[in-house]
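Okay, here's the prediction I keep looking at, along with the sequence it came from:
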Amino acid sequence: MKVLASIILGAAAALSVWVLVGMLKMLPIQGEKDQAYFRQFEQAAKIVDSYSRENGKLPDDPTFGRLVGRPDGMGFFLTPSSDGSCEGFTKGETDRFVLSLWRGEWSECFAYPSERTTLALSRWDQLRGFGPQLVVLCLLAAVALWAMAWLWKASFRHNTNPG
């Protein structure tokens, strides 16, 4: 029984460490993607800003899609305010519009002209975003290793106790 429990605990610890290392290795790749999305936001915001200055209004959806080179927007949206597509995101008082981009599972938002965004553009932002998962994985690995050590230590004490 002790061996089976040790195998399960060891597997839990190893899996936690494996996922933790994988997440840490993905942070630079995710950072590059976020920087690319930010550049897309900047470029689209300049186009929308220019259009709105010339026309006195924001472009409608088809015009926006044509301006940014995405037919029907293709997951890229323009709104005068945060429309709820980005949970918890609010534009600043001086911001004129919000761009959002659907990433397949969630939306990223960008307010113009403040450039406030939901993208994690620094390592610190990334660690804050993934922090809870990283802490849980560390704790899971530590608890599994502690339990495995306790199991073997308790078993050793029990087997060597002459009483």
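Happy to help now that I have it.

Look at residue 142 and say how many residues are nearby.
Look at residue 142: counted by other Cβ atoms under 10 Å, it has 12 neighbours. C-beta here means a position set from N, CA and C on the backbone, and glycine is covered the same way.

Please apply the same query to residue 54.
When neighbours are counted by other Cβ under 10 Å, residue 54 registers 8.

For the chain, give me the ranges with low pLDDT.
Within the chain, the stretches with pLDDT under 70 are 71-74, 82-85, 155-163.

rerun that using 90 as the cut-off
Within the chain, the ranges that satisfy pLDDT under 90 run 1-17, 19-37, 40, 60-109, 115-163.

what residue is smack in the middle of it?
Within the chain, the residue whose C-alpha comes closest to the C-alpha centroid is residue 129; the distance, by Cα atoms, centre = their mean, is 5.7 Å.

Which element, helix or strand, includes it?
helix 123-160 (DSSP states H and E).

buried ones in that helix?
Applying a neighbour-count criterion of 16 or more other Cβ atoms under 10 Å, one finds 126, 130, 134, 137, 140-141, 144-145, 147-148, 151 buried in helix 123-160.

returning to what we had before: can you tell me the closest non-neighbouring residue to the residue nearest to the centre of the chain?
By the measure of Cβ to Cβ, 6 or more residues apart in numbering, the closest residue to residue 129 outside its immediate chain neighbours is residue 120, 5.0 Å from it.

sec struct for that neighbour, please.
With DSSP: H, G, I helix; E, B strand; the rest coil as the basis, residue 120 sits in coil.

surely it meets residue 31?
Yes: under the contact definition of Cβ atoms under 8 Å, residue 120 touches residue 31, with a separation of 7.2 Å.
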